[in-house]
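Participant: Mind looking at a prediction? Sequence and model below.
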Amino acid sequence: MPFDDPEEPGEVPGSEEGDPQLAVDDLDDLVGVTFSPPRDAYGTVIADMSGWSETILLTWRDLSNVATLVAAGSSDVVRVQVNISYRNRKVFTTSWLVTRRSQS
């Protein structure tokens, strides 16, 4: 999945298609999205998981110090945090860093 929408450079992060529940074509479409039931890595709804949800939070980070938050869309480093909940009770959280590929 692309880091952000290559057709709209400088676009405010978020889904260009409106509802990210319906269309995700780049990472920044996942700003503050909750999927219930959850989806797999291909975006396919995972059947038979009523009561479960996943919330995705993105925060942009300073390239020289990833502990430092910066304005959305202003960095080539994003921390992706996923919270898994069952019946509105958080049961698991994980996170990782994603970087934009260089254009060399």
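Facilitator: Here it is on my side, so go on. This one's a predicted model, so the numbers in the text were calculated from it and none came from an experiment.

Participant: quick one, phi/psi of the residue nearest to the spatial centre of the chain?
Facilitator: A centroid search over the chain (C-alpha atoms, centre = their mean) returns Leu30, at 3.5 Å, as the residue closest to the centre. For Leu30, the backbone dihedrals (degrees, to the nearest 10) come out as phi -90, psi 20.

Participant: my read: it touches Val24, true?
Facilitator: Yes. At 6.3 Å, Leu30 counts as touching Val24 under the criterion of C-beta atoms under 8 Å. C-beta: built from backbone N, CA, C; applies to glycine.

Participant: Output the contacting helices and strands for the lowest-mean-pLDDT helix or strand in the chain.
Facilitator: One helix or strand of the chain scores below all others by mean pLDDT, DSSP states H and E: strand 33-35, with a mean of 91. Judged by 3 or more C-beta pairs under 8 Å, 6 or more residues apart in numbering; DSSP states H and E, the packing partners of strand 33-35 are strand 52-62.

Participant: hmm, who's touching the strand it packs on?
Facilitator: 13, 27-28, 30-39, 46, 67-75, 77-86, 88, 97 (C-beta atoms under 8 Å, 6 or more residues apart in numbering).

Participant: Show the model's pLDDT score for the nearest residue to Leu69 once chain neighbours are set aside.
Facilitator: Leaving aside its sequence neighbours, Leu69 sits nearest to Thr59 (C-beta to C-beta, 6 or more residues apart in numbering; 5.7 Å). The model reports Thr59 with a pLDDT of 95.

Participant: again, but for the one 3 residues further on
Facilitator: Predicted confidence (pLDDT) for Asp62: 97.

Participant: Which residue is the nearest non-sequential neighbour of Pro50?
Facilitator: I think there's a mix-up here, since residue 50 is Ser and not Pro. Among residues not flanking Ser50 along the chain, Pro37 sits closest, at 6.3 Å (C-beta to C-beta, 6+ apart).
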